[in-house]
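[1] the following comprises the amino acid sequence and a computationally predicted model.
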Amino acid sequence: MNVQWCLLDVEFDDPFFNMAVEEAILIYVGKQVVPGTIRFWRNKNAVFIGRFQCVSREVDLALCKKNDVKIVRRFTGGGAVYHDYGNLNYSIFLHKTHPLIQAEIPDLIDSQIFGHSIILGLKKLNIEANLLAEGAIGVKGLKISGTARTLRKGAFLHHGSLLVNSDLVFLQKVLQGKRIDPGKRCLDSKRSPVTSIEHELGKKMNIKKVKEALKTSFEEVFNMKLNPSQLTKDELRLAKRLYDEKYASNDWTFQR
């Protein structure tokens, strides 16, 4: 196993900064300054909406304000997702010339191999899962992981959220926007019933154990070795700039 990728187990308290870090890694993978990278990260309470979604149609704004739930706009497409510390996010970054990237449009890139790596990881935890539409992962017809992807800045990003022990009741409540016409084009989320690892197993699950299962499955599916790493100074510097100029701005978040 000669191929080496970076493993970043790096998260920040600020969900806006976590998203800035995602874009910074993408850019430096695109520049081929850093190799293929996988990142694990979590957030305290936040709703992440897709690049082309309208906030009011996806989120219960009053409930977010009452519970101090931040609203973050991704630079990738896809639907709205609720994050808390019981939700493990995984991100796969590859340069556009990687053999797995064989199309110029993200939605045409075969998502099955990326989904298979998560399915294999869940199998290691004794959960039988399968691939759903649009790259999501399901268990017995219930969504356990949603995904989004983009191909830009010379790199491809496939990232998703895996429900480990999230508050599923609150998740359903907060992802209830008002279906009114905002006067702008919106990409509406496709609502799906959800489940979690703990719900399926009927017992507590340690996040560290989930990470270990996914790490092993990534190495098996992609035939490479993951080396624990840290953000470079350049990635961190760019993330801070993206945070200040973009993700922390209401102009970015509430543009739709």
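    Yes, it's here.
[2] switch to C-alpha atoms for all contacts and neighbour counts from now on
    Noted.
[3] just the helices in this protein please.
    15-30, 55-58, 61-66, 112-124, 168-174, 197-201, 207-222, 233-242, 250-253 (DSSP state H).
[4] the spatially most central residue of the chain: what's it in contact with?
    With distances taken as CA atoms, centre = their mean, residue 160 lies nearest the centre of the chain, 3.2 Å away. By CA atoms under 8 Å, 6 or more residues apart in numbering, the residues touching residue 160 are 89, 90, 91, 145, 146, 147, 148.
[5] now render the residues you listed as CSV, adding pLDDT and distance to residue 191.
    Converted to CSV, the contacts of residue 160 look like this (pLDDT from 0 to 100; distance: CA to CA, whole Å):
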residue, pLDDT, distance to residue 191
89, 97, 19
90, 97, 21
91, 97, 22
145, 95, 13
146, 92, 11
147, 92, 14
148, 90, 15
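[6] buried only: go through the residues you listed for me.
    Buried by 16 or more other CA atoms under 10 Å: 89, 90, 91, 145, 146, 147, 148, out of the contacts of residue 160.
[7] hmm, back to that, need the pLDDT of the residue nearest to the centre of the chain.
    Listed pLDDT for residue 160 reads 95.
[8] distance of it relative to residue 10?
    Taking CA to CA, to the nearest Å as the measure, residue 160 falls 15 Å from residue 10.
[9] same thing with residue 218?
    Residue 218 sits 17 Å away from residue 10, taking CA to CA as the criterion.
[10] what's the answer for residue 72, then?
    Distance from residue 72 to residue 10, by CA to CA: 18 Å.
[11] neighbour count: these two, which is higher?
    residue 72 (27 against 14; other CA atoms under 10 Å).
[12] would you confirm that residue 239 contacts residue 23?
    Yes - using CA atoms under 8 Å as the test, residue 239 is close enough to residue 23 to be in contact (7.4 Å).
[13] just give me the neighbour total for residue 131.
    Neighbour tally, residue 131, other CA under 10 Å: 20.
[14] run a quick neighbour tally on residue 123.
    15.
[15] wait, what's in contact with it?
    residue 129.
[16] residue 166 now?
    83, 84, 85, 86, 87, 196.
[17] please redo it, this time with the cut-off set to 10 Å
    82, 83, 84, 85, 86, 87, 88, 195, 196, 197, 198, 199 (CA atoms under 10 Å, 6 or more residues apart in numbering).
[18] okay, those residues in JSON lines with distance to residue 42 next?
    Shown next, in JSON lines, are the contacts of residue 166 (distance: CA to CA, whole Å):
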{"residue": "82", "distance to residue 42": "11"}
{"residue": "83", "distance to residue 42": "7"}
{"residue": "84", "distance to residue 42": "7"}
{"residue": "85", "distance to residue 42": "6"}
{"residue": "86", "distance to residue 42": "8"}
{"residue": "87", "distance to residue 42": "6"}
{"residue": "88", "distance to residue 42": "6"}
{"residue": "195", "distance to residue 42": "18"}
{"residue": "196", "distance to residue 42": "15"}
{"residue": "197", "distance to residue 42": "16"}
{"residue": "198", "distance to residue 42": "17"}
{"residue": "199", "distance to residue 42": "19"}
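[19] residue 162 touches residue 91, doesn't it?
    No - applying CA atoms under 10 Å, one finds residue 162 not in contact with residue 91, separated by 11.0 Å.
[20] give the residues shared as contacts by those two.
    The contact lists of residue 162 and residue 91 share residue 147, where a contact means CA under 10 Å, 6+ apart.
[21] and the nearest residue to residue 140 once chain neighbours are set aside, how close does it get to residue 159?
    Spatial nearest neighbour of residue 140, chain neighbours left out: residue 129 (7.4 Å); criterion: CA to CA, 6 or more residues apart in numbering. As judged by CA to CA, residue 129 and residue 159 stand 18 Å apart.
[22] do residue 225 as well
    Counting by CA to CA, the gap from residue 225 to residue 159 is 19 Å.
[23] more neighbours: these two, which one.
    Set side by side, residue 225 and residue 159 show more neighbours around residue 159, with 21 against 18, by other CA under 10 Å.
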